[in-house]
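**Student:** Let me see the structure of the following:
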Amino acid sequence: MLATGGDDGQVLVWDLSPKNFSPRTKNRSADAKQRRSVLADPVLAYSAPSEIGNVIWSPVIPPFQLASGFTSAGEWVAATSGKTLRCLRA
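**Tutor:** Now for the predicted structure:
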């Protein structure tokens, strides 16, 4: 996975595992079996009200339960925008 953030206020998470690439043949090559992989869409997109200052990725977290009863696990991405911090489950 790859997370990006920038001046446009968007955080995009891309899954770079081979199963998410669509093969495309390269016509200019003499060998038609050569392939080029294309990644079209992010798996997660978030729009902030202003530019993204920082993007932080957490490792995989094993399942845990908070005192409120909320159960959580998985990978998380945090992004700062202005004075706010937004946590997103990837």
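**Student:** So in that sheet, which strands flank whatever helix or strand Pro63 lives in, and in what orientation?
**Tutor:** Assessed by DSSP states H and E, Pro63 sits inside strand 61-65. Using DSSP bridges, strand 61-65 pairs in its sheet with strand 71-74 (antiparallel).
**Student:** Show residues contacting the partner strand.
**Tutor:** For strand 71-74, contacts defined as CB atoms under 8 Å, 6 or more residues apart in numbering pick out Val60, Ile61, Pro62, Pro63, Phe64, Gln65, Leu66, Arg89, Ala90. Just so you know, the C-beta spots here come from the backbone N, C-alpha and C atoms, and that holds for glycine as well.
**Student:** Give me the buried subset of the residues you listed.
**Tutor:** For the contacts of strand 71-74, a neighbour count by 16 or more other CB atoms under 10 Å gives an empty buried set.
**Student:** Kindly indicate which of these lies nearest Gln10.
**Tutor:** Lowest distance from Gln10 to the contacts of strand 71-74 (CB to CB) belongs to Ala90, with 14.8 Å.
**Student:** list the contacts for the closest residue to that closest one other than its chain neighbours?
**Tutor:** Nearest residue to Ala90 in three dimensions, chain neighbours excluded: Glu75, at 4.3 Å (CB to CB, 6 or more residues apart in numbering). Counting by CB under 8 Å, 6+ apart, Glu75 touches Met1, Trp57, Ser58, Pro59, Val60, Ile61, Arg89, Ala90.
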